[in-house]
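Undergrad: 3D model of this:
(one chain, ligands or ions: 1)
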Amino acid sequence: MIPRFSKRFERDSSGLESLFTLSEKKDAISFAGGYPAEELFPKEELDAAFLKRSELTDNSVYQYSSALGYEPLRAKIRTYAKRNGIDCEIENIMITQGAQQGINFLADLFLDVGDGMAVEAPTYIGALEAFAARSPEFYEIEMQDDGLNLDQLEEVCKHHQLKMLYTVPNFQNPTGICMSLAKRKRLAKMASQYDFLVIEDDPYRELRYEGVGLPSIKAFDMSGNVVTLGSCSKILSPALRTGWLIADETLMNALKNLRLASDCNPSSVVGQMIDEYLEDNDINEHIEEINDLYRDRRDAMIEGLKRYLPEECDFTEPLGGFFIWLELPEDVVAQEILDNYGDVTFIESSTLFPVSHRRNCMRLNFTGVNDEEIEEGCRRLGDAIKETLYE
Ligand code: PMP
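TA: Numbers count the residues shown, from 1 in each chain. Model (predicted):
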């Protein structure tokens with residue numbers, strides 16, 4: 001018999017698992033996924049970049065490297081961050097194995113059992129799982145049309161010692177909502193005033209289908225209380241497992257030490273390949289191509305939902321990102337719809353609220369399905385909801 005798992009991993013963590021099984025369910029139309037559309041990966045260009053860089057370098061490309069990652073790539077990220085209002089040095093940028101690793105590093109560095117951890121309600125399941133493994137005291141902060149309810153957050157701060165807040169300010173997973181400029185400024189100020197860390201997780205920023213982007217929350221951070229995470233997963237490919245973390249000096253020094261005991265450094269082979277891709281290609285053109293396809297899919301899903309859903313349903317109309325959030329009347333249990341009508345899948349809401357476990361909502365993904373699937377899936381969803389409500 002093997003020994004017991006550590007206390008951290010004794011919990012039930014089936015939330016993530018069900019996410020993957022639902023996306024792969026046969027014969028069903030899946031609105032459950034969170035994958036980018038595969039046909040958009042710039043495979044030829046990435047292959048070419050890898051071969052070219054390999055030819056240009058010596059054996060050192062296969063050596064261990066710095067904990068922060070390949071420096072020329074960090075310099076490019078610095079230029080990009082500047083566009084979003086973040087003025088930092090390359091020493092403030094760490095290449096991570098996706099934004100997920102950044103989340104996990106910060107959870108590791110900051111959370112002890114019982115620490116105050118505020119999250120948007122609902123929020124991203126992968127982040128919740130990383131935090132939950134450290135058994136913090138969760139505080140759910142309601143999502144409003146312009147982002148998280150900061151009055152509610154302030155009440156929490158006044159009565160409890162908050163350690164961290166996790167937010168996805170652009171096209172939030174799972175609601176698709178963006179945080180307003182005023183709230184970004186106020187949140188940065190509050191973090192300094194009440195001494196908590198803001199994790200600004202921003203992997204969807206570039207997937208904007210209309211309007212113009214707002215500065216990062218970190219752009220308004222005067223005290224080092226905001227850490228920003230970015231990712232190549234949605235704009236290039238998630239298989240590269242490459243993202244970045246931007247933090248002030250003290251925090252970065254601690255993260256470097258933590259990383260040595262974790263995975264030493266990010267892959268410099270992958271770092272160099274991405275750097276070469278960025279040298280040889282216009283990534284903004286590629287992003288435009290992605291956004292043209294996703295914009296059409298978003299429009300198709302909104303149209304389908306309007307056509308087929310009964311009027312008791314309420315859903316977001318996001319300006320970008322991957323997801324639409326659908327709310328059903330309070331007494332409806334979304335999981336029962338999944339159980340009773342398996343021909344269209346989605347992520348039901350209870351695992352996305354760590355305290356209230358609200359059950360009457362669903363996350364719908366529109367990027368991984370084509371027009372016909374969207375139309376048919378919305379029809380099936382509408383039928384299932386109507387039958388549940390009226391019969
Ligand atoms: N943060 C959010 C909000 C996400 O939706 C995801 C992926 N679905 C991640 C982080 C993880 O991304 P990565 O592939 O960069 O680790």
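Undergrad: For the stretch 201-350 of the chain, which residues are neighbours of the ligand?
TA: 201, 203, 231, 233, 238, 243 (C-beta under 6 Å from any ligand atom). Yep, even glycine has a C-beta here, placed from its N, CA and C like the rest.
Undergrad: which of these sit farthest apart?
TA: Greatest spatial distance among those (C-beta to C-beta): 201 and 238, at 14.8 Å.
Undergrad: circling back: generate a PyMOL selection restricted to the buried entries among the residues of the stretch 201-350 of the chain next to the ligand.
TA: In PyMOL syntax, the buried subset of these is picked out as below (16 or more other C-beta atoms under 10 Å):
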select buried, resi 201+203+231+233+238+243
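Undergrad: Which ones among the residues of the stretch 201-350 of the chain next to the ligand map onto helices?
TA: Among these, DSSP state H puts none in helices.
Undergrad: For the residues of the stretch 201-350 of the chain next to the ligand, give me CSV that also has pLDDT.
TA: Formatted as CSV, those follow (pLDDT from 0 to 100):
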residue, pLDDT
201, 98
203, 98
231, 98
233, 98
238, 97
243, 98
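Undergrad: so which of the residues of the stretch 201-350 of the chain next to the ligand would you say is closest to residue 299?
TA: Out of those, the member with the shortest distance to residue 299 (by C-beta to C-beta) is residue 203, at 22.1 Å.
Undergrad: which one is the residue of the stretch 1-150 of the chain found nearest the ligand nearest to, not counting chain neighbours?
TA: In the stretch 1-150 of the chain, the residue that lies nearest the ligand is residue 98 (2.4 Å; C-beta to the nearest ligand atom). Nearest residue to residue 98, sequence neighbours excluded (C-beta to C-beta, 6 or more residues apart in numbering): residue 243, at 4.6 Å.
Undergrad: in terms of contact, does that neighbour touch residue 232 like I think?
TA: Yes: the pair residue 243 / residue 232 is scored as a contact, 6.4 Å apart, by C-beta atoms under 8 Å.
Undergrad: Residues contacting the helix or strand encompassing residue 377, please?
TA: Element membership for residue 377 (DSSP states H and E) is helix 371-390. With contacts defined as C-beta atoms under 8 Å, 6 or more residues apart in numbering, helix 371-390 is touched by 29, 31, 296-297, 300-301, 304-305, 307-310, 312-313, 328-329, 332, 336-337, 340-341, 343-344, 346, 364, 366, 369.
Undergrad: What of stretch 97-114?
TA: 94, 96, 117, 126-127, 130-131, 133-137, 163-164, 166, 197, 199, 201-203, 227, 229-231, 233, 238, 241-245, 251, 254-255, 258-259, 262-263, 266-267.
Undergrad: And that stretch, what's buried?
TA: Quick answer for stretch 97-114 (16+ other C-beta under 10 Å): 97-111.
Undergrad: ok, so of the residues you listed, who is nearest residue 78?
TA: For the buried residues of stretch 97-114, the closest approach to residue 78 (C-beta to C-beta) belongs to residue 102, at 16.4 Å.
Undergrad: and that closest one, what helix or strand is that in?
TA: Per DSSP H and E: helix 98-110 holds residue 102.
Undergrad: Figure out how far that helix is from the centre of its chain.
TA: Relative to its chain's centre, helix 98-110 lies at 13 Å (C-alpha atoms, centre = their mean, to the nearest Å).
Undergrad: Now it: average pLDDT?
TA: Mean pLDDT, computed over helix 98-110, is 98.
Undergrad: How far off centre is the helix or strand following it?
TA: The C-terminal neighbour of helix 98-110 among helices and strands, as given by DSSP H and E, is strand 116-121. Relative to its parent chain, strand 116-121 has a centroid offset of 15 Å by C-alpha atoms, centre = their mean.
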